[in-house]
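1. next comes the sequence, and after it the predicted model I'd like to discuss.
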Amino acid sequence: MDPRGGLVPSTPHRSSSIRTWGAEASSPPASRGTLVGTPVGYGQGHGDRSRGGRWDQGWRGPPSHESTNGHSSAKQREAMGAPRSTPPSSRWRRPFVEEDHETLVRIVKEAQARKFAGKHGDFAEFLQKTGHAVGTRTDPRKYSWDVLNSFLETLNDDRAVVCINRHQKYVERLGKSTHGVPDSHSRRCYPSGVVWELVRRTEAHPSFQSKYKFPAYAKGWKTDWKDPESLPARPKLLAMDCEMCETAKSNKALLSVSLVDEEGTLLYSTLVKPKAKVIDYRTELTGIGEEDMVNVKVSRAEASRRVRKYLQEGTVLIGHSLNHDLQALRIDYRPVIDTSLIYQYEGLSMALPSLEVLSSRLLQRQLRTDKKHNSTDDAKATIELVLLEVERNGRPPPPLKAPEIKVEKEDLKKLLVHSLPTGFDLQLLHQLFRGTPGPVPANFQRCRQNSAFAIFKSAEDANLAFKNLPGVIGTDYCGRPQKQKVGVQAVGNGRRQENLEVAVRKMAAHNGMMYGRDMKSAKRKRKSG
């Protein structure tokens, strides 16, 4: 069994991944003789128990007929005397049940992306041919678990089986398989000690679960969760920081990585060549430009392998907003200490202090004096913060006062509309504001994949438009006023109308300041006053 949850290409001494010669696999076809020692045509050592062979349990199909990539054609299997086909589900880790709907949706989505097809074709063709289609919908979320399961049972390709097993292993590791077992994040019991208290503080933050729930079921991800019972009281500390750029496929593609130990020694540092075309190196932040990448050949996968070699048993990985770095490297690692999650601003339970603020206030050292990030300097700052907490015996410090940052006047004329569907049309934003009384935006500007600015003639118009919008009032993580569940009707491309819900927030809190207070904190302050 492949450690990522899939099957490995067939080998004679790894019987779990090899197709049998029949239902019981008790003997080979008569034309090939009986099993005595090493089968005819096999190289030396294939039946040796020291290499994992289990010939006493029945003869398995000879892999010499398998192609080099682990696949074999139907004609090859038929020529070897094997059955024409076996149910793909017999090679899964376990059968699916109704509670696996979320997992099945993820698998079918990957099957669509990778163009897997079975005897009834791809998922869209399967729906049509089997009579399950609901109009032209091909979104797996719209179909029941048994329909999705039936489609997967048609996929006999080895790549599909590996994919399914990888997803199943991910679910098993999280403890979420079929019976609603609580997420194993909450069941990890670390040793006592100051460092482990910081790990627990990290995992206790309200946003930890969402930030560190990686799509580790996806192809290319590596998972390494250390067993808490085998960890020492004083673990080894390593800090990591990465820089990212925007490519045609990702707005956070890995560009550089640095790894330091608790002495501040640089263990590993490299530039990384993104696989997709780079759209923006973000040189003003990363300090890296196109000219720096001319001779760079290190891939994301190579950088990930090098980093994982340092993550030995008893190692705690440290970083600031470390989830972004792990996401870029495609590593799901535990245990971690995230310095953005062990500190808090006063009155803002979800706001994450920046590394510059923490370094200035707690280390009395200025970072990024030229406003450019340096992954090595940032990694050293995070490990210094952790060592400072170790000196304090891990006791949580009092909340920090939020920085007093004034929002630019031009930005006060804007409202940020987010939680928009991927690939949204700006016409959708016109629909949003036309249905309410009061001012309408003079212009719209995309700012991220799922968000855009609505730009008004004045700050007063922006405030009035926000007031008139329907929705659930609250605050964002910085304490800025925000409305959620704002309804808008989407129409386009001849499709039927769909009711969507988006979120809209102001660009500033009270008095034009960047930071305000959580709504609950503000209410408590008014009551106490």
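-> Received the coordinates, thanks. Note that the coordinates shown come from a computational prediction; the quantities given were computed from them, not determined experimentally.
2. so who does K414 touch?
-> Neighbour list for K414: 453-456, 462, 507 [criterion: C-beta atoms under 8 Å, 6 or more residues apart in numbering]. (Each C-beta comes from the backbone N, C-alpha and C, glycine too.)
3. inside strands: which ones of these?
-> Judged by DSSP state E, the subset of the contacts of K414 located in strands is 453-455.
4. so which of these wins on neighbours?
-> Within the ones in strands among the contacts of K414, most neighbours by other C-beta atoms under 10 Å means A454, with 23 neighbours.
5. is that one in a bridge, and if so with what?
-> L415, F444 (DSSP bridges).
6. try S258
-> D241, S269.
7. I figured it was touching M240, is that so?
-> Yes - when contacts are counted by C-beta atoms under 8 Å, S258 is listed as touching M240 (6.9 Å).
8. what's the overlap in contacts for these two?
-> A379.
9. which one of these two is surrounded by more residues?
-> Set side by side, S258 and M240 show more neighbours around M240, with 29 against 22, by other C-beta under 10 Å.
10. need the pLDDT of E410.
-> The model reports E410 with a pLDDT of 95.
11. quick one: it is in a helix?
-> Yes - the assignment for E410 (DSSP: H, G, I helix; E, B strand; the rest coil) places it in a helix.
12. flag the shaky bits of the chain, pLDDT-wise.
-> 1-85, 176-188, 368-371, 490-498, 519-529 (pLDDT under 70).
13. redo that, cut-off 80
-> 1-86, 173-188, 368-373, 394, 422-423, 435, 448-449, 489-499, 519-529 (pLDDT under 80).
14. mind listing the strands for it?
-> So, for the chain - with DSSP E - the strands run 222-225, 236-247, 253-261, 266-271, 278-280, 315-319, 331-334, 336-338, 414-418, 443-448, 451-455, 472-475, 481-492, 495-506.
15. so G438 touches A462, yeah?
-> No - assessed by C-beta under 8 Å, G438 is found out of contact with A462, at 10.4 Å.
16. next up, the contacts around the closest residue to F214 other than its chain neighbours.
-> Excluding the flanking residues, the one nearest F214 by C-beta to C-beta, 6 or more residues apart in numbering is D332, at 4.6 Å. With contact taken as C-beta under 8 Å, 6+ apart, D332 is in contact with 214, 216, 221-225, 326.
17. in TSV, list those along with distance to Q312 and neighbour count.
-> Formatted as TSV, those follow (distance: C-beta to C-beta, whole Å; neighbours: other C-beta atoms under 10 Å):
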residue	distance to Q312	neighbour count
F214	21	17
A216	20	24
W221	20	19
K222	15	18
T223	16	18
D224	10	13
W225	14	15
L326	17	23
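18. ok, so of the residues you listed, who is nearest H418?
-> Taking C-beta to C-beta as the measure, H418 lies nearest F214 of the contacts of D332, at 21.9 Å.
19. in contact with the nearest residue to M350 once chain neighbours are set aside, which residues?
-> Computed as C-beta to C-beta, 6+ apart, the closest residue to M350 that is not its neighbour in sequence is Y477, at 4.0 Å. The contact partners of Y477, by C-beta under 8 Å, 6+ apart, come to 348, 350-352.
20. among those residues, name the buried ones.
-> Among those, those scoring as buried are 348, 351-352 (criterion: 16 or more other C-beta atoms under 10 Å).
21. give me the neighbour count for R234.
-> Considering only other C-beta under 10 Å, R234 is surrounded by 14 other residues.
22. residues in contact with it?
-> R234 neighbours (C-beta under 8 Å, 6+ apart): 193, 195.
23. so the residue positioned nearest the centre of the chain versus Y333, what's the distance?
-> In the chain, the C-alpha nearest the mean C-alpha coordinate belongs to F214, at 3.1 Å (C-alpha atoms, centre = their mean). According to C-beta to C-beta, to the nearest Å, F214 and Y333 sit 9 Å apart.
24. okay, and the common contacts of those two?
-> Joint contacts of F214 and Y333 (C-beta under 8 Å, 6+ apart) are L326.
25. can you map out the helices along the stretch 51-200 of the chain?
-> For the stretch 51-200 of the chain, the helices defined by DSSP state H, counting those that start in this stretch occupy 74-79, 101-113, 123-130, 145-152, 158-174, 194-204.
26. now the third one and helix 101-113, what's the angle there?
-> On the basis of axes from the mean of the first three to the mean of the last three C-alpha atoms, to 10 degrees, helix 123-130 is oriented at 110 degrees to helix 101-113.
27. can you pull up the bridge partners for the closest residue in space to I279 that isn't next to it in sequence?
-> The shortest distance from I279 to any non-neighbouring residue, by C-beta to C-beta, 6+ apart, is to E246 (4.8 Å). Here E246 sits in beta bridges with D280, going by DSSP bridges.
28. so who does E246 touch?
-> 252-253, 278-280, 282.
29. which residues touch the residue nearest to S340 when sequence neighbours are not counted?
-> The shortest distance from S340 to any non-neighbouring residue, by C-beta to C-beta, 6+ apart, is to L352 (4.3 Å). Residues near L352 by C-beta under 8 Å, 6+ apart: 207, 321, 340-341, 477.
30. these in helices, which ones?
-> Secondary structure defined by DSSP state H assigns none of the contacts of L352 to helices.
31. okay if I get those residues as TSV plus distance to L400?
-> Formatted as TSV, these follow (distance: C-beta to C-beta, whole Å):
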residue	distance to L400
S207	17
S321	16
S340	12
L341	13
Y477	15
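32. name the member of these with the most neighbours.
-> L341 (25 neighbours).
33. give me the nearest residue to that residue, chain neighbours excluded.
-> Spatial nearest neighbour of L341, chain neighbours left out: H205 (4.0 Å); criterion: C-beta to C-beta, 6+ apart.
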